[in-house]
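Trainee: Would you be able to build a 3D model of this:
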Amino acid sequence: MSTTENYHGSNANRIDEFKVLGEQLYEIYTNTIRNAQQAKDKFQTTLREKGYERVKEKLCSRDNVFCYLALRNQNLSDLQLRLAEEGLSSLGTLENHVLVGIERVLKHFGIPASRTNASGLCKINSYEGSSLLAERSEFLFGPIGKGRSTRIMVTLDSSDIYQHELMQHLLENGMDLARINCAHNTEREWKLIIETLRGAEEQLVRKGRRISGSKCTILMDLAGPKIRTGPMEHKVRPIQISAPKDIYGRPVRFSEGYLDSEANQTEVLLTVDGAPSNFVIAISKTNYGALGSLKIGQKIILKDARDERSHTITVLERTGPTRVRIGIEDTAFLNGGTKLECQIDDADQDDKCSFTVGAIKAQPIEVTVEAGNKLRLYKDTRLGHASGSDSWDDDDDDDAPAAISCTHPEILDHVRVSHRVFIDDGKIEAIVRSTNE
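Mentor: Sure thing, here's the model as predicted:
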């Protein structure tokens, strides 16, 4: 066989392969239309928009979403690679104009739009899709920062409560959106996070470093159903305030918190993963002096609830007449009723002050388990408890094991003897030995 015959044979094979690729893309296209139409028929939409253009815009967006889901439900990996080898779009960036995007690629295979029928599905071209995406992104996320094409979103948690300087730093360095993960904490912490952010904005406005009325967008990321340990028994016990330490156990900086005469309880605030962040010491009684009169750098002495050892509190900032930001340089345990006394010398009698710590917030008990221990899983809303607790109602059981409940107890209906149960992201593994149902 001559060289010319080899060339023509190879070229014919390539043409055949190109044609087959086009037919495969067309099959993907028709499957997308069919499945999208089925979804459209199944999920009927009632629009309350007024005006033809707005209604058409919403209907086209809906149909495009159905088309995108139908497209991505097919195996595209091999087809995308082969399209890329031909120098064509690999279908990787057509989210906002699915049908039009595929039709443009089909034209390279000689398959005109007249051969296709979108069965009444509304099509969006790339310009319309980009415009809608930009408009809705600004509505949802707010405007883009000057000189940028993207937005900066920062996730905040309870460790950021009262951290006004940090909030100001984030705002001045381009934070456009503050995200609050509602899978963690409660409405109380969310409210405090928002108040801290808005307070930081106001402080920047007063300093002339932020335009009045400029608000950082806040996104509340709602939690879906998650399987979590249910509520535990609570007990009032001394709270532990711990300063960060280096590898040698030496404090590296203050543990920061607040003295607050308007707070109802003394408590340690936790991060989303349960680690201590900052704290609030409620002041139930002012014996003499006042929080608002404390000076920055002033020292206050407290007695440790464990051994009466003295610890020094340093006043870092006056945030208001009823609250000051403080720092503690080592680990301390604090009880309700503890006296806080200002450290003074004979020449500073005006700095004399004394406060009484308010009630300690009851904290969930800790349940410790070791290999070989028994643990009961309640299939109802009873509180979890430690071993030997009076909460277990079996009078014949003098050594009742610890127990926990579940936020979705219905899942335990599917648990059987010999099944494995994993707790705390798999850190604890248990095997079901018995069940009472």
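
Trainee: Please verify my assumption that Arg151 contacts Leu177.
Mentor: Yes: contact criterion C-beta atoms under 8 Å: Arg151 and Leu177 qualify, at 5.9 Å. For glycine as for every other residue, the C-beta is placed from the backbone atoms N, C-alpha and C.

Trainee: Find residues that contact each of these two.
Mentor: Counting by C-beta atoms under 8 Å, 6 or more residues apart in numbering, the residues touching both Arg151 and Leu177 are Phe141, Gly142.

Trainee: if I pick Leu81, what's in contact with it?
Mentor: Taking C-beta under 8 Å, 6+ apart, we find Leu81 in contact with Ser90.

Trainee: now it: how far from His108?
Mentor: Remark: distance between Leu81 and His108 (C-beta to C-beta, to the nearest Å) = 16 Å.

Trainee: now the end-to-end length of stretch 137-148.
Mentor: 14 Å (C-alpha to C-alpha, to the nearest Å).

Trainee: So which bits of it are buried?
Mentor: Gly142 (16 or more other C-beta atoms under 10 Å).

Trainee: residue ranges with poor pLDDT in the stretch 201-350 of the chain?
Mentor: Along the stretch 201-350 of the chain, the model assigns pLDDT under 70 to residues 271-277, 345-350.

Trainee: any idea what sits nearest Asn96, other than its immediate chain neighbours?
Mentor: Gly129 (2.9 Å; C-beta to C-beta, 6 or more residues apart in numbering).

Trainee: Glu95 versus that neighbour, what's the distance?
Mentor: Applying C-beta to C-beta to Gly129 and Glu95 gives a distance of 8 Å.

Trainee: Of these two, give the one with the bigger neighbour count.
Mentor: Gly129 (21 against 16; other C-beta atoms under 10 Å).

Trainee: Name the residues that touch the one helix or strand that one maps to?
Mentor: According to DSSP states H and E, Gly129 maps onto helix 126-141. Contacts with helix 126-141, where a contact means C-beta under 8 Å, 6+ apart, come from 57, 60-61, 64, 94-97, 100-101, 124, 144, 151, 153, 176-177, 217, 219.

Trainee: Restricted to helices, list those.
Mentor: Glu57, Cys60, Ser61, Asn64, Val100, Gly101 (DSSP state H).

Trainee: most surrounded residue in these?
Mentor: Top of the ones in helices among the contacts of helix 126-141 by neighbour count (other C-beta under 10 Å): Asn64, with 25 neighbours.

Trainee: got a list of what the residue nearest to it when sequence neighbours are not counted touches?
Mentor: Excluding its sequence neighbours, the residue lying closest to Asn64 (C-beta to C-beta, 6+ apart) is Ile124, at 5.1 Å. Ile124 makes contacts with Cys60, Ser61, Asn64, Asn96, His97, Leu99, Val100, Leu132, as judged by C-beta under 8 Å, 6+ apart.

Trainee: hmm, 10 Å instead?
Mentor: 57, 60-61, 63-64, 67, 96-101, 130-132 (C-beta atoms under 10 Å, 6 or more residues apart in numbering).

Trainee: Isn't Thr45 up against Cys122?
Mentor: No: the criterion here is C-beta atoms under 10 Å, and Thr45 misses it with Cys122 at 11.7 Å.

Trainee: Find residues that contact each of those two.
Mentor: The contact lists of Thr45 and Cys122 share Lys58, Leu59, Arg62, Asp63, where a contact means C-beta under 10 Å, 6+ apart.

Trainee: which among these gets closest to Gln343?
Mentor: For the shared contacts of Thr45 and Cys122, the minimum distance to Gln343 (C-beta to C-beta) is 66.8 Å, reached by Lys58.

Trainee: so what's that closest one scoring on pLDDT?
Mentor: On the pLDDT scale, Lys58 is placed at 88.

Trainee: tell me the contacts of it?
Mentor: Counted by C-beta under 10 Å, 6+ apart, Lys58 has contacts Thr45, Leu47, Arg48, Glu49, Cys122, Leu132.

Trainee: Distance of the residue nearest to Asn64 relative to Ser131?
Mentor: 10 Å.

Trainee: Which other helices and strands does whichever strand or helix holds Ile15 contact?
Mentor: Using DSSP H and E, the element containing Ile15 is helix 3-42. Judged by 3 or more C-beta pairs under 10 Å, 6 or more residues apart in numbering; DSSP states H and E, helix 3-42 is in contact with helix 52-72, helix 77-85, helix 98-107.

Trainee: Averaged pLDDT, the last one. What do you get?
Mentor: What that stands for is helix 98-107. 93.

Trainee: gap between it and the chain center?
Mentor: 38 Å (C-alpha atoms, centre = their mean, to the nearest Å).

Trainee: The longest one now?
Mentor: Taking C-alpha atoms, centre = their mean, the mean C-alpha location of helix 52-72 is offset from the chain mean by 29 Å.

Trainee: tell me the angle of that helix relative to helix 98-107?
Mentor: Interaxial angle of helix 52-72 relative to helix 98-107 (axes from the mean of the first three to the mean of the last three C-alpha atoms, to 10 degrees): 60 degrees.

Trainee: which parts of helix 52-72 are buried?
Mentor: In helix 52-72, counting by 16+ other C-beta under 10 Å, buried: 57-68, 70-71.

Trainee: That helix vs helix 3-42, what angle?
Mentor: 120 degrees.

Trainee: And the strand ranked longest in the chain, what does it pack against?
Mentor: Counting residues, the longest strand found in the chain (DSSP state E) is strand 276-288. When contacts are defined as 3+ C-beta pairs under 10 Å, 6+ apart, strand 276-288 packs onto strand 239-241, strand 255-260, strand 267-270, strand 323-328, strand 339-342, strand 354-357.

Trainee: Which neighbours in the sheet does the last one have, and how are they oriented?
Mentor: Here strand 354-357 is paired, per DSSP bridges, with strand 276-288 (antiparallel), strand 339-342 (antiparallel).

Trainee: so how far is the next helix or strand after it from its chain's centroid?
Mentor: Where DSSP H and E defines the elements, the next helix or strand beyond strand 354-357 is strand 363-364. How far strand 363-364 lies from its chain's middle: 23 Å, per C-alpha atoms, centre = their mean.

Trainee: for the record, mean pLDDT for whichever helix or strand comes after strand 363-364?
Mentor: Following strand 363-364 in sequence order, the next helix or strand is strand 375-377 (DSSP H and E). Averaging pLDDT along strand 375-377 gives 92.
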